[in-house]
Every structure is written in structure tokens, then in C-alpha cells.
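**Q** please work out how this folds:
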Amino acid sequence: MILEAAIPHLTKKAIDATLSKTQNNSITQDDRKIEEAIAGHIKEMTNWCSEISFKDLKQPKPISGFYIPLDFYIFPQSRRVSGEEKIEKLSISEIFNQSKRHSILLGQPGAGKTTSIKNLCNQILKNDKFECYDLSFPLVIRLRELNNDNSTQSIVEHIASTLHFKIQAASNESERKENRSKIANFIEELKIILILDGFDELSSKPKREDYIEEIRFLARTLSSSLLLLTSRTGDFTYNIENANTYELCSLTDQQVSEFAHKWITPKKAALNFLEEIKNSPFHDTAIRPLTIAHLCAIYERIGRIPQKPKTVYKKVIQLLLEEWDEQRSVSRLSRYGAFESDRKFDFLSKIAFELSAKHSTPIFYTDSLKAIYKNCYEDFDLPKSESTKVITEIESHNGLILRTGFERYEFAHKSLQEYLAAEYIVRLSEIPTIKKIIERIPNELAVAVSISSDPSHYLTELVLSRFQSFKPTKEYLSIFISRLLLERPDFNRNEAVQIAFSALYSQYWESNIHSENDKQILLFQSDYLKNQFSDFSKHIFKRNSLKLKNYYSHSHSITTALETKYDVYKKHTHSVTSHKSFVIPQTLTLDPEIIPKF
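**A** Residues are numbered from 1 along each chain as shown. Sure thing, here's the model as predicted:
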């Protein structure tokens, strides 16, 4: 850390060294102005890097007590030849201790790039024991500040302006290059860590091309000073000589636990939070610092995570698509005109459905992407031949789709892929009827029930129409029912949903019987589904008076080899054979502990 008293000495030494390399008198400096500029910048950065703040927090948190050290891949995942290739990881301190080369730090939206930079600056400025090659202080340039359309200022000129380093205006290209070298010499003599934060936040492509050349120049020129650039992964496809490129890793389970215990007190509350996350369908979103931080903030305010998973899906999607940039006043212009965040949501929903229903995988390759894109690009007014560029923009703007290898992509979170696919499904004119599609999307259909405008009607049509002709397997029903119970849909007054729920239970029971005789009943009796089914039935029947007797009457009981009794009901001969578009099963086999005899 540089002490305030040392700034005059540092400034004079840097100016003298720069002047000694200058052949003319184009540099006329006011030492006092530069000293004041450096002191002012250090004070500003000390305040900037001291805390973590965003809208959902009750109050800002000091970074020194709440930051979780993150790991970096030693090269971006997109360079992997195959998904099995393992990449070595380093902490940010190891990056600086192992190499004196300049660094490019990449990461997906919400991965923790700026927070990592804040923590690094905080350590340099406040921790006397932190060694960073004897660098004097961090000079942070937030590149979004260069987005002014009327500004023709280069990065190097902006640095000179920040430091109040005066130099005569150039009248030609030769003088411009000479001035650039003089400013770079001054930066070099200051022995700073020059941080260019947010290359992805430069909204103008021409400016990006100009600035990348400046960054290359600085990487070639600086050696006593260190250059560190941050960017979203999808926005940075350049090679910078004399610089290593790293990419932030997702959080490990241990880091998620450490995160929760630092952010939530007392310890019992943190443990309860972790248990709620673990048992939720959106637990995979917690691997991203942005989402775990917002979940912690919500839990800290209301003492629980939202009861309905769909609330969390919507919150995370909204954060990644738009809200996080809005909170930081960042504007990202699409190269595709009207392809704004709402249209990106629709496009992602289409992609998610196609991958789930037709390709049955969260991972897809360029060929699959082109095939899906070919079927929908016209709907979104997108260019026919730019599928890869469109996906790259989505990766850059929101990180919901990632490039994880050579011609290899995947959704960042499987739960969000399922939610997006479900959003697409509920907007269709009808529930899918093709057997091969239904077979592949049990999770997506369960989520669709929850987010539909009428969960009772949706579940009824799904169970009493699609499942009656589809005849789902035990494994399929187990996945569907488990996810449905996790999603906690709200069922309104609807007598048909009673029949649907009873039929769903009966189908699951019968699928167990047909698996390995009635010994398989033990699985249902012992696994958690039985208790959850019981709670679920209470939820349904408390809003619906028991009207199954209008359709069924008790026929007989079955006692299994395990001496468990089940009631068998037959449909009344005088009752209608269908209920609107629903096929009512001829028989139901029910557990009296779950659905009382009627």
C-alpha cells in the first residue's frame, strides 16, 4: 500500500524518469496537480472497493468480511477440445504470485469479476502484508465511462486525464503515437496495477476495435507496471500478447457453504438456508455468486427463500437478462435491432424446448444449434446465417447459454433451461401430444403445471388425456411427481383435479406393481414420495370437497404381501365416460392413508 506521504516522492520520480526519455518539451507538468489526482483516485478507489452493494441487500456489506475467494481456470472453458478435459484452477493471489505477466480475467455474467477486482484493490490499499510485486497503487479505469458517443478520448488519454498528466495535443498520427508512448512511460514509472474493468461494457464495436489495439500496446509496453483487464467471456475473443487469460469458475459446494455462513447469521439460520437450497429444484443456480448473493439477501430479509420455485426462476432470469445491468447503469446494445431482453427470453425459451424435447440434452453442438436456429430465426427477425453470433451475444449479455468447449454449448443452469422450456410449453395452443416429446420432458411438464394460468386444469388435461394414452413408466412418473411436489403449484376449485390427482397416484402404484410384482410396493411405502403425496393430497382436497363419489364407488381392497391395504374403486356404470376432453379411468387403486375412503 502506498502511504499518502509517499505520493510526492512517487510522482516526482515518475515525472523525472519520463522527462529523461523525452526529446522535446511537449511535457509540462504540475507536480502538485498530479499528486492531488493520485490521492483523489486512491481515496475514491478505497471507498469503491470497501463494500458490496446491490438493490436486494438491506444494507451494504463490507467486502473484507464477506468476500469468498474465487478460483480461476488457467484458460477459458471454450478452448476445451472435449467436455472431459480438465482445466487447472488458481486463486487470484496465485495468479499474481506465479506470473509477472499481464492478466485477462474473464467470467460469465454474475460470476464475480468486479467483486474480485474490488477485493484485490482492497487488499492492496488496506493490507500492508499483501505483496503484489511492490506495485504502488491500483489505477482503476471503468471502461463504461468511455461510452460517451461524443468522446474521442482513447484509453491512454483517459488515464492521462485521470492522473492530470498534461501533454500537448497531437496534430498528426506520428505525434499521437509519440504522446501515447510518453503517457505509457509515465504509467510504467509509477509502478501501478492498471485495472481496465468491464471491456464488455463498451457499447460501440468501433471503439472496442480501437481500444483493443491500445490494450495490446500497453501489454507490450508495460513491465514494471501490471495490466489487468476484465470482461464477460462471450465479449472477449481477442489474443493479447504478453498476457495470460483466465476464466472464473463456478462456486463449489464448499464455497456456497462458506458464502452462506458469512452472509447469514446465526449459524442455525445459515444451515437452514443451505438445506432449503439443497432441497429446491433451483439448487444449481447457487453456483453463481450473483444468484447466491441475491438468495442470501432475500433470506436475510424475510427469513426464508421464496416458497414457490417459479418465483426464484423468474428472479434469476430477470437478474441475468436485464435487472443486474440496470442496477449498474450499463446499457448493452444488440447488433440485431429489436432483439431486446424480452425477445431474447422468447428465443431462449424456444431453444430450451427444442433441446429438451427433440435433442434430450442440455449440451448441444454447432450442428444442433444451426438446426434449431433454422426453424425459428424468421420469427425473431434474425439473419439466417448468424446462429453462432446470436448465441455469442446471448452469452455475452446474460450468460444463460455458455460456450464450454470447441463448438460445444450448454445452458448455464439445467433448472433454468427446464423453466424456459416450460414457459414455451404453456404458450403453445395445447399440451404436446407427440409421445416422443412427452417422454423426454417430465421435469418441464411439471414446471409447466406450476406456471400455467390454471394449474388445476393443466394437470387434469395432462393426466387424464396425455398420460392415459401415453402410459408413462414408473421412472417417468417418479420424476414428474417429485418435481411437481417441489414446484408446489396452486390448485383452485376443480372437481376434475381430484380425479386427476387420484389417477396419477393410481398410475404410479400400478407402475410399481408391474415393475417387480408387488414387492416393488416397498419402494413406494419407504420412499419420501408417499409422505409428500399425502401432504399434496391435503393441499388439493382442502380446496375441493370430496366429489370422487360422484364418479367412483368402492369395489374391493387389496392386501399386499407386506400386509399393506389398498382400496380399489370402479367408475359408476351410470357416470359419463369422459369429462369434457378428459378420459376418466375405469379403476383407481388408492392408499386410504393418502386419499380417505369415499
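**Q** so the residue nearest to Phe406 when sequence neighbours are not counted, which of the three states?
**A** Among residues not flanking Phe406 along the chain, Val81 sits closest, at 5.5 Å (CB to CB, 6 or more residues apart in numbering). C-beta: built from backbone N, CA, C; applies to glycine. At Val81 the chain is in coil, as set by DSSP: H, G, I helix; E, B strand; the rest coil.
**Q** before we move on, what about Lys570?
**A** strand.
**Q** and it, how far from Pro592?
**A** 16 Å (CB to CB, to the nearest Å).
**Q** would you mind telling me which of those two has more residues around it?
**A** Neighbour totals were compared for Lys570 and Pro592, and Lys570 leads with 15 against 11 (other CB atoms under 10 Å).
**Q** what does the closest residue to the more buried one other than its chain neighbours show for phi and psi?
**A** Nearest residue to Lys570 in three dimensions, chain neighbours excluded: Ser555, at 4.5 Å (CB to CB, 6+ apart). Dihedral pair for Ser555: phi -100, psi -60, per degrees, to the nearest 10.
**Q** okay, domains of this protein per the record?
**A** 4-248, 253-327, 341-419, 442-590 (automatic domain parsing).
**Q** Ile431: which of these is closest?
**A** Nearest to Ile431 among the domains of the chain is domain 442-590; the distance by CB to CB comes to 5.9 Å.
**Q** gap between that closest one and the chain center?
**A** The gap between where domain 442-590 is centred and where its chain is centred comes out at 35 Å by CA atoms, centre = their mean, to the nearest Å.
**Q** what's the closest of the domains of the chain to Val426?
**A** Val426 lies closest to domain 442-590 among the domains of the chain, at 4.9 Å (CB to CB).
**Q** any idea of the mean pLDDT for the closest one?
**A** Across domain 442-590, pLDDT averages out at 76.
**Q** could you do stretch 186-195 as well?
**A** Here stretch 186-195 scores 91 as its mean pLDDT.
**Q** circling back to that earlier point, out of the domains of the chain, nearest to Lys436?
**A** Of all the domains of the chain, it is domain 341-419 that lies closest to Lys436, at 8.3 Å by CB to CB.
**Q** span of that closest one from start to end?
**A** Domain 341-419 has its terminal residues 17 Å apart, counting by CA to CA, to the nearest Å.
**Q** cool, and stretch 418-433?
**A** OK, stretch 418-433 end separation, CA to CA: 18 Å.
**Q** give me the contact list for it.
**A** 281, 310, 313, 317, 345, 348-353, 355-357, 400, 411, 438, 441, 443-445, 447-448, 450-453, 458, 461-462, 465-466 (CB atoms under 8 Å, 6 or more residues apart in numbering).
**Q** name the helices or strands packed onto the host helix or strand of Tyr458?
**A** Per DSSP states H and E: Tyr458 is located in helix 455-461. On a contact count with 3 or more CB pairs under 8 Å, 6 or more residues apart in numbering; DSSP states H and E, helix 455-461 meets helix 442-451, helix 495-516.
**Q** deepest of those, which one?
**A** Neighbour counts (mean count of other CB atoms under 10 Å) averaged over each of the helices and strands packed on helix 455-461 peak at helix 442-451, with a mean of 25.
**Q** which non-adjacent residue is nearest Leu135?
**A** Here the residue nearest Leu135, using CB to CB, 6+ apart, is Ile193, at 4.7 Å.
**Q** cool, and Glu354?
**A** Sequence neighbours aside, Ile372 is the residue nearest to Glu354 in space, at 4.5 Å (criterion: CB to CB, 6+ apart).
**Q** of the contacts of stretch 418-433, buried ones?
**A** 281, 310, 313, 317, 345, 348-353, 355-357, 400, 411, 438, 441, 443-445, 447-448, 450-452, 458, 461-462, 465-466 (16 or more other CB atoms under 10 Å).
**Q** returning to that earlier point: so what's the residue nearest to Leu135 bridging to?
**A** Pro138, Leu226 (DSSP bridges).
**Q** where does the stretch 151-300 of the chain dip in pLDDT?
**A** Where the stretch 151-300 of the chain drops to pLDDT under 70, the residues are 151.
**Q** make it 80
**A** Scanning the stretch 151-300 of the chain for pLDDT under 80 picks out 151-152, 167-171, 203-205.
**Q** would you map the helices across it?
**A** For the stretch 151-300 of the chain, the helices defined by DSSP state H, counting those that start in this stretch occupy 155-162, 173-190, 205-221, 253-263, 267-278, 289-302.
**Q** turn these into a markdown table, including distance to Glu36 and mean neighbour count.
**A** Shown next, in a markdown table, are the helices of the stretch 151-300 of the chain (distance: least, CB to CB, whole Å; neighbours: other CB atoms under 10 Å):
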| stretch | distance to Glu36 | mean neighbour count |
| --- | --- | --- |
| helix 155-162 | 12 | 20 |
| helix 173-190 | 15 | 18 |
| helix 205-221 | 24 | 17 |
| helix 253-263 | 37 | 17 |
| helix 267-278 | 45 | 16 |
| helix 289-302 | 36 | 20 |
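**Q** compute the number of surrounding residues for the residue nearest to Phe406.
**A** 9.
**Q** that one touches Arg408, doesn't it?
**A** No. The criterion here is CB atoms under 8 Å, and Val81 misses it with Arg408 at 9.3 Å.
**Q** between the two, which contacts overlap?
**A** With CB under 8 Å, 6+ apart, Val81 and Arg408 have no common neighbours.
**Q** and the pLDDT for the residue nearest to Phe406?
**A** Predicted confidence (pLDDT) for Val81: 77.
**Q** how about the one 5 residues further on?
**A** pLDDT recorded at Lys86 is 88.
**Q** who's in contact with it?
**A** By CB under 8 Å, 6+ apart, the contact set of Lys86 is empty.
**Q** how far away is Asn550 from Glu340?
**A** 51 Å.
**Q** ugh, wrong one, Arg101
**A** 39 Å.
**Q** my read: Phe470 touches Ile437, true?
**A** No. Contact criterion CB under 8 Å: Phe470 and Ile437 do not qualify, at 10.2 Å.
**Q** which one's more surrounded, the two?
**A** Neighbour count, other CB under 10 Å: between Phe470 and Ile437, Ile437 has more, with 18 against 15.
**Q** my guess is that one is in a helix, correct?
**A** Yes. Under three-state DSSP, Ile437 sits within a helix.
**Q** OK, contacts around it?
**A** Applying CB under 8 Å, 6+ apart, the residues near Ile437 are 357-358.
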